[in-house]
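Chemist: Have a look; sequence and predicted model below, questions after that.
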Amino acid sequence: MSNDDSSMLPGRQSTVSGHLDLCAAILFLFCIPSYAGFAVQRLVQIPAEPWQQVVSLQTDSQGNLIVGAIVKPQGSFDPALSFGVVKKVNLTGAELFRVVLPGVIDSTMPLAIDGHDDIYVAGRTLTPVSFPFTHLPIVISQSESNFVVKLHGQDGTIAYATDCGGGVARSIFVDSGGQVLVTASMFSPVLATTTGAYVSPPGGNLTTEMYLARLSAAGDRILFVARYGGQTSVCNSGSSCASAGQFTGGSQIMLDALGNIWIAGTTNTTDLPLTANALKKTCGCSQYAGDGFLAEFTGDGSGLLYATYIGSTPKNPTTSDGDDTITGATLDSAGHIWIAGTTNGTDLPVTATAAQKQLGGGIDGFLAEYDPATNKLLYATYFGGGGDDSISNIQIAADGTVLVAGQSGSAALPVAASGFARGNEFVATLDPRSYLFNALTMFPNGSTGSGLAIAPGGSFVISGASNVAAFVKPRGSSSSAMYAVVGAAGTAVTGQVAPGELISLYGANIGPTVAATTNLRSGPAPTELGGVQVLVDGTPAPLLYAQSDQINAIVPFGLSNPTTHIVVSNSGAKSNEGILGVVTAQPDAFKLNAKLWAAALNQDGSVNSAANHAKLGSIVSVFATGFGGTTPEPPDGQLITGTLPTLVAPVQVLFQGQPLEVTYAGPAPTLIAGVTQVNFRLPAFTGTSEAPFQFVVGGWPSGYFVVLVK
């Protein structure tokens, strides 16, 4: 086989022979059996912009989504380019308003909603001079500021934007009078405490303690600033102690019926101020492991009423075992505090009613119920399997049901999955009376983690870093339920599709029990397969594969509206609706395995693999989808033959943020319309044999993919 560059031109049969089998294998990698389950009501797009990542989500009284997101163009951490954005999105996926907060790069941007549906957001800006502050209770820093912004819920206009000093905001709460409570882990500049507020005993490094601030309803005054944290962390040996630091951070603020402030969080300090009645008086800390804590303060911030450690104890102080992190907490109607988090400790104080009494794997989630009135731990359980698992979000439904969402690397969890049973993320419900988990379902990657909120009508909504929200009934089942849409080359759920993109739809009972596969050699892809149709704005889309919990389809090229409505029809039974955005491009490379190895051909025509690395400086062909429209527009579902259409959007390939030479980017010859071939020259040096690359198409980025090089 020739190694000259011309052998990589898109029309050469030597390089396209075998493409069909290679890509067909990739398209149908995801095939596993079906279940019935949760009532997923609808999927709703969170309108996206390039490089957007959702970090927080709430709902207002009308069920509208309130979303916090971070935008880092080309992955930049330059605060002049990066920004936060708060969006209000209705149930049809329409963006009602969008508010930009400059200089925000942190992944913590907590949200709160008051009784008037006004919106509160906290965070840190690294460009305080350009931030739209309306109130500056302290001297503004030139380098960073912790902010609290109140937005009018009707139109997104700023009611106030208050500078609260340096640091990273971690939780926010608004009381019935409109006063805001916020916790921040402070670094520099240190925020001064106020006279009469609680202050931890002095000593050590004050910049890594938790600060608790309360703002007036008008946002024009900081009513108090308290400081809480320990000063001593564990250090076992020598030179590593020089970099050992102390940390105390509040993950969740709660307000009880008496107006007292409760904070659940995480610390690695051994001298955290505790009260005499603490349930756990010794930190389960090591140089590499921290503990949870629960603390109660008076409403005016002047006194510490209760404080205890929460968690396990390391068996070996030189390892990270016994590491506990609190990720969320909430108060129920009885005033009990439910706490969720992660642990790898083996001596968590589980109760007799625990669903899981022992650590299941390397890391497990945990769930606990604490009663302040009796100072008792009413319930505590591990939650995990043989792999690494975590609980990231917790909420209480109107009927008292406890909802948790998280991530799982285990083959099985303490409760059997119902509904859709694949994926590595989950939602589960616990009956607080019986302490039985009464439902659990799995979701594909990207479905959970950034938000779990109660919605009107007895449903709840989940979101992950991807730009989509799923409205879910905590109980019930559906004869045909679509749980998620994923770009067929991607690894995470999406709320957007591009014209011509190959997609995978996941759900329960959305396809035939016996899998049906399209034979691409026999003609165009059909619009009905195994009794299944995927209706895109009412028009059947070309189908590649259908089974009970997965369908692979091709988005029609002719989409022109900003949103599209997708429904699965299985033998006439229609699923719930997915309201997704239509974007210029949503590119990604097909992957051969979990290591993100791209489906690629080396310059000599061999498949890029562990046995056939590409030479540095040579040209490789990577196969992908989601590159958007072409000119002319190809017939949907047909193979690309004859004159090749031209992509509408420009294509870049990035390595370490720098563009590489692209010798061809367009439809893959002899493959189905929607599959793109990108030929690009590898760099002369990568420093690794598994080199990560990224597409940018019309400004829209792909995930990373790996080409094996030598």
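Modeler: Yep, that arrived. Residues are numbered from 1 along each chain as shown.

Chemist: Do a quick rundown of the helices in this structure.
Modeler: 13-16, 19-27 (DSSP state H).

Chemist: show me what contacts residue 562?
Modeler: Residues in contact with residue 562, defined by C-beta atoms under 8 Å, 6 or more residues apart in numbering, are 581-582. Where you see a C-beta, it was placed from the backbone N, CA and C, and this is true even at glycine.

Chemist: measure it to residue 50 for me?
Modeler: 16 Å (C-beta to C-beta, to the nearest Å).

Chemist: Out of the helices of the chain, which gets the lowest mean score?
Modeler: Looking over the helices of the chain, mean pLDDT reaches its minimum on helix 13-16, with a mean of 32.

Chemist: now residue 431, nearest residue through space, not along the chain?
Modeler: In this structure, residue 431 finds its nearest non-sequential neighbour in residue 438, 5.3 Å apart by C-beta to C-beta, 6 or more residues apart in numbering.

Chemist: check contacts around the closest residue in space to residue 652 that isn't next to it in sequence.
Modeler: Excluding its sequence neighbours, the residue lying closest to residue 652 (C-beta to C-beta, 6+ apart) is residue 696, at 4.3 Å. Neighbouring residues of residue 696 by C-beta under 8 Å, 6+ apart: 74, 587, 651-654, 702.

Chemist: beta partners of residue 591?
Modeler: residue 598 (DSSP bridges).

Chemist: surely it meets residue 489?
Modeler: Yes. Assessed by C-beta atoms under 8 Å, residue 591 is found in contact with residue 489 at 6.9 Å.

Chemist: Between these two, point out the one with more neighbours.
Modeler: Between residue 591 and residue 489, residue 489 has the larger neighbour count (other C-beta atoms under 10 Å), namely 29 against 19.

Chemist: Which residues are in contact with the closest residue to that one other than its chain neighbours?
Modeler: With sequence-adjacent residues excluded and distances taken as C-beta to C-beta, 6+ apart, residue 489 is closest to residue 588, at 4.1 Å. Each residue near residue 588 by C-beta under 8 Å, 6+ apart is listed here: 487, 489-490, 624-626, 695, 702-703, 705.

Chemist: And residue 289, by the same measure?
Modeler: Neighbours of residue 289 in contact, by C-beta under 8 Å, 6+ apart: 268, 314, 319-324, 345.

Chemist: Kindly state the beta-bridge partners for it.
Modeler: Residues in beta-bridge contact with residue 289 (DSSP bridges): residue 286.

Chemist: Just the pLDDT for it.
Modeler: 92.

Chemist: What of residue 205?
Modeler: 56.

Chemist: Out of the contacts of residue 696, list just those in strands.
Modeler: 651-654, 702 (DSSP state E).

Chemist: which one of these sits closest to residue 384?
Modeler: Lowest distance from residue 384 to the ones in strands among the contacts of residue 696 (C-beta to C-beta) belongs to residue 702, with 31.8 Å.

Chemist: if I pick the closest one, what's in contact with it?
Modeler: 587-589, 624, 626, 694-696 are the contacts of residue 702 under C-beta under 8 Å, 6+ apart.

Chemist: Repeat that for residue 595.
Modeler: Contacts of residue 595 by C-beta under 8 Å, 6+ apart are 690, 706.

Chemist: and if we set it to 10 Å?
Modeler: 610, 690, 706, 708 (C-beta atoms under 10 Å, 6 or more residues apart in numbering).

Chemist: Any of these buried? List them.
Modeler: For these, a burial check counting by 16 or more other C-beta atoms under 10 Å picks out 706, 708.

Chemist: Of all pairs in the contacts of residue 595, which one is the farthest apart?
Modeler: 610 and 706 (11.3 Å).

Chemist: Can you pull the residues that touch both of the two?
Modeler: With C-beta under 10 Å, 6+ apart as the test, residue 610 and residue 706 both reach 592-593, 595, 597, 689-690.

Chemist: before we move on, the earlier item: can I have the buried ones of the contacts of residue 289 as a ChimeraX selection?
Modeler: To isolate the buried members of these in ChimeraX, using 16+ other C-beta under 10 Å:
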select :268,314,321,322,323,324,345
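
Chemist: Looking at the contacts of residue 289, which has the smallest pLDDT value?
Modeler: Lowest pLDDT among the contacts of residue 289: residue 319, 82.

Chemist: Apart from its chain neighbours, what residue comes closest to that residue?
Modeler: The nearest residue in space to residue 319 (C-beta to C-beta, 6+ apart) is residue 288, at 6.4 Å.

Chemist: Now do the one you found: how many residues are near it, please.
Modeler: For residue 288, using other C-beta under 10 Å, the count is 19.

Chemist: and what of residue 685?
Modeler: Neighbours of residue 685 (other C-beta under 10 Å): 10.

Chemist: repeat for residue 76
Modeler: 14.

Chemist: How about residue 639?
Modeler: 20.

Chemist: What of residue 196?
Modeler: 12.

Chemist: residues near the closest residue to it other than its chain neighbours, how many?
Modeler: Of all residues not flanking residue 196 in the chain, residue 302 sits nearest, at 5.3 Å (C-beta to C-beta, 6+ apart). The tally of other residues near residue 302 (other C-beta under 10 Å) stands at 14.

Chemist: so residue 302 sits right up against residue 212, yeah?
Modeler: No. Residue 302 lies out of contact with residue 212 (C-beta atoms under 10 Å); the separation is 11.3 Å.

Chemist: Quick check: neighbours shared by these two?
Modeler: The contact lists of residue 302 and residue 212 share 197-198, 224, 226, where a contact means C-beta under 10 Å, 6+ apart.

Chemist: Who wins on neighbours among these?
Modeler: Busiest of the shared contacts of residue 302 and residue 212 [other C-beta under 10 Å] is residue 226, holding 26 neighbours.

Chemist: so where's this protein shaky on pLDDT?
Modeler: 1-38, 139-141, 187-190, 203-207, 236-244, 474-478 (pLDDT under 70).

Chemist: do that again at 50, thanks
Modeler: Counting by pLDDT under 50, the ranges of the chain that qualify are 1-37.

Chemist: Make CSV from the contacts of residue 289 and add distance to residue 408 to it.
Modeler: Listed next are the contacts of residue 289 as CSV, based on distance: C-beta to C-beta, whole Å:
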residue, distance to residue 408
268, 26
314, 24
319, 23
320, 20
321, 20
322, 21
323, 18
324, 18
345, 19
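
Chemist: What about the contacts of residue 289, which are in strands?
Modeler: residue 324.

Chemist: Quick check: residue 622 vs residue 486, distance?
Modeler: For residue 622 relative to residue 486 (C-beta to C-beta), the value is 19 Å.

Chemist: again, but for residue 422
Modeler: Distance of residue 422 to residue 486, computed by C-beta to C-beta: 11 Å.

Chemist: When these two are compared, which one has more neighbours?
Modeler: Taking other C-beta under 10 Å, residue 422 and residue 486 do not tie; residue 486 has more neighbours (24 against 18).

Chemist: The closest residue to that one other than its chain neighbours: how many residues sit nearby?
Modeler: Leaving aside its chain neighbours, residue 486 sits nearest to residue 504 (4.8 Å; criterion: C-beta to C-beta, 6+ apart). Residue 504: 23 surrounding residues under other C-beta under 10 Å.

Chemist: Same check on residue 300?
Modeler: Using other C-beta under 10 Å, residue 300 is surrounded by 16 other residues.
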